[in-house]
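Enquirer: Quick one, structure for this:
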Amino acid sequence: MITGTLVRLRALSSDDLEHHLRWRNDPEVVHWATGGDPLFGPVTRDAVEMAFEGMLRLDPRQSAVLTVEDLTDGRPIGMVDYRDVDSFATRATLGVTIGEPTHWGRGHGSEALSLLVGHLFRTMRLHRLELDTWSGNDRARRTFGKLGFQEEGRRRSDMLVAGEWQDRVLFGLLHAEWLRR
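Expert: Numbering: from 1, shown residues only. Just a heads-up that it's a prediction; the model follows:
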């Protein structure tokens with residue numbers, strides 16, 4: 001487990017399935033997590049169960065999904081993940097979703113992402129971490145910037161969000177930049 005002041009990151013367990021099913025079928029969560037990507041949700045129980053089978057068997061040297069728990073009551077409130085680990089280039093792609101809207105804007109997502117970043121830089125000796133969001137997700141863009149991620153580019157009109165084309169905003173963080181924070 002990786003513990004901060006607001007949240008704890010722990011290994012995904014089969015008990016988390018119900019939370020993921022609820023989050024991925026909440027239109028507001030789907031909108032902010034992925035810009036409404038239909039591959040994220042809504043989803044059936046069978047689809048989440050199949051995905052969970054794979055997620056529970058992930059090799060943590062390559063990728064993992066971790067549950068974010070609120071420290072006040074131990075309740076799962078979201079997830080963080082890393083994937084696309086390239087051991088030659090020493091980089092990985094990250095993601096964060098706080099699935100409980102009552103915890104949005106209160107620092108839980110920022111701390112969860114910060115804990116994951118610190119963990120990956122310490123334990124996997126990565127040189128860089130990457131993530132992205134859509135241009136209309138101001139909360140995510142502010143969070144990424146606050147943690148030291150730099151906007152590195154945009155893929156113009158790359159995501160269809162609520163019927164409007166949005167840019168995909170690409171962010172990166174180097175290990176040296178993290179250490180200077």
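Enquirer: Could you list every helix and strand that the lengthiest helix in the chain packs against?
Expert: Counting by DSSP state H, the longest helix found in the chain is helix 108-123. With contacts defined as 3 or more C-beta pairs under 8 Å, 6 or more residues apart in numbering; DSSP states H and E, the packing partners of helix 108-123 are strand 2-3, strand 7-11, strand 64-70, strand 76-86, strand 91-98, strand 128-134, helix 138-146, helix 175-180. The way it works is simple: take the backbone N, C-alpha and C, and place the C-beta from them, glycine included.
Enquirer: The longest one - what's its average pLDDT?
Expert: Taken as a whole, strand 76-86 has an average pLDDT of 97.
Enquirer: Can I get it in CSV, CA atoms only?
Expert: This file holds the C-alpha atoms of strand 76-86, laid out as CSV (Å, rounded to 0.1, in the frame of the first residue of the first chain):
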residue,chain,number,x,y,z
PRO,A,76,-12.8,3.0,-2.7
ILE,A,77,-13.2,6.4,-4.5
GLY,A,78,-11.3,5.8,-7.7
MET,A,79,-8.4,4.3,-9.5
VAL,A,80,-5.0,5.1,-10.9
ASP,A,81,-3.2,3.1,-13.5
TYR,A,82,0.1,2.9,-15.4
ARG,A,83,0.6,1.1,-18.7
ASP,A,84,2.7,1.0,-21.8
VAL,A,85,5.9,0.7,-19.7
ASP,A,86,8.8,0.9,-22.1
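Enquirer: now the angle between helix 108-123 and that strand, please.
Expert: Relative orientation of strand 76-86 versus helix 108-123 (axes from the mean of the first three to the mean of the last three C-alpha atoms, to 10 degrees): 40 degrees.
Enquirer: Who is the residue sitting nearest the centre point of the chain paired with across the strands?
Expert: Nearest residue to the geometric centre of the chain (C-alpha atoms, centre = their mean): residue 96, 1.7 Å. Residue 96 has these beta-bridge partners by DSSP bridges: residue 80.
Enquirer: For it, which residues are in contact?
Expert: 68, 78-81, 109, 112-113, 116, 131, 143 (C-beta atoms under 8 Å, 6 or more residues apart in numbering).
Enquirer: just the buried members of the residues you listed?
Expert: Neighbour counting by 16 or more other C-beta atoms under 10 Å classes 68, 78-81, 109, 112-113, 116, 131, 143 among the contacts of residue 96 as buried.
Enquirer: Lovely, talk soon.
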